[in-house]
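Visitor: just to be clear, the model below is a prediction. Sequence and coordinates:
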Amino acid sequence: MKKYIFLFTFLMIFGSINLFSQNVFFKLNGGISLPIGKMSDSIKMGFGGLLTSGYDFDENVAITLTTGYLYFPGKEIVTLAALNTTKIGVTPILLGTKYSTAFGDLLKAYAKFEIGVFVMKTTQTSKIIDLDYKEASATNTETKFGLVPSLGAEYKINNNIAIDSNFSFNYLATEDKPTQWLGIFAGIKYTL
């Protein structure tokens, strides 16, 4: 699956460069993800990186494609029989639209809304107390639909490079209750 995501992203980037040159941008962001709701019961703060490519239709409106990887380590949950830990790796594949407004020559604020799928790999590890903490683990991979509204700002360094920071709310439609987290990311934007 990761090969297909990489290939799809590469083709989009290569095609965008040839077709639209001057209006194409790339963002590379790193940051933290804070689980909220039911997810926070068993999962610790996550971290990871996101790569966004996009096309500016004009100075205010853009379309984006985002992918990356987020890792959420698990909290150790103690039961009578075992010590359980769940960790999650998430790969988003999101299509979005972004609206920007300028505050002077150097600063732009934006609102972005993305929709797509999240490939979630969950690994649950149990250390069984009765068997001298013998370890057993199980892995499950599933794809879930999700929405990501976000707010951010870009500070222009020069005509091609800007510093980007954003705050997002990630909502995944999972079976029992939704999986949710808040993302705080910062990075570099490069415009061709």
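Guide: Looks like it arrived, so ask away. Because the structure is predicted, anything quoted here is derived from the model rather than measured.
Visitor: pLDDT score assigned to the residue lying farthest from the centre of the chain?
Guide: Centroid-distance maximum for the chain: Asp130 at 39.1 Å, with C-alpha atoms, centre = their mean. Here, the pLDDT recorded for Asp130 equals 71.
Visitor: who are the packing partners of whatever helix or strand Thr122 lives in?
Guide: Per DSSP states H and E: Thr122 is located in strand 107-128. Packing partners of strand 107-128 (3 or more C-beta pairs under 8 Å, 6 or more residues apart in numbering; DSSP states H and E): strand 61-72, strand 82-103, strand 134-156, strand 161-172. For every residue, glycine as well, the C-beta is placed using N, CA and C.
Visitor: tell me who's in contact with the nearest residue to the residue farthest from the centre of the chain once chain neighbours are set aside.
Guide: Among residues not flanking Asp130 along the chain, Ala81 sits closest, at 6.6 Å (C-beta to C-beta, 6 or more residues apart in numbering). Contact analysis of Ala81 by C-beta atoms under 8 Å, 6 or more residues apart in numbering lists 128-130.
Visitor: in stretch 27-34, what's buried?
Guide: 27, 29, 31, 33 (16 or more other C-beta atoms under 10 Å).
Visitor: so which of those residues belong to helices?
Guide: If you go by DSSP state H, these have nothing in helices.
Visitor: quick check, nearest of those residues to Ala62?
Guide: Closest approach to Ala62 among the buried residues of stretch 27-34 (C-beta to C-beta): Lys27, at 10.7 Å.
Visitor: the strand holding Thr122 to strand 61-72, inter-axis angle?
Guide: Taking axes from the mean of the first three to the mean of the last three C-alpha atoms, to 10 degrees, one finds strand 107-128 and strand 61-72 inclined to each other by 30 degrees.
Visitor: okay, now the sheet partners of strand 107-128, with direction.
Guide: strand 82-103 (antiparallel), strand 134-156 (antiparallel) (DSSP bridges).
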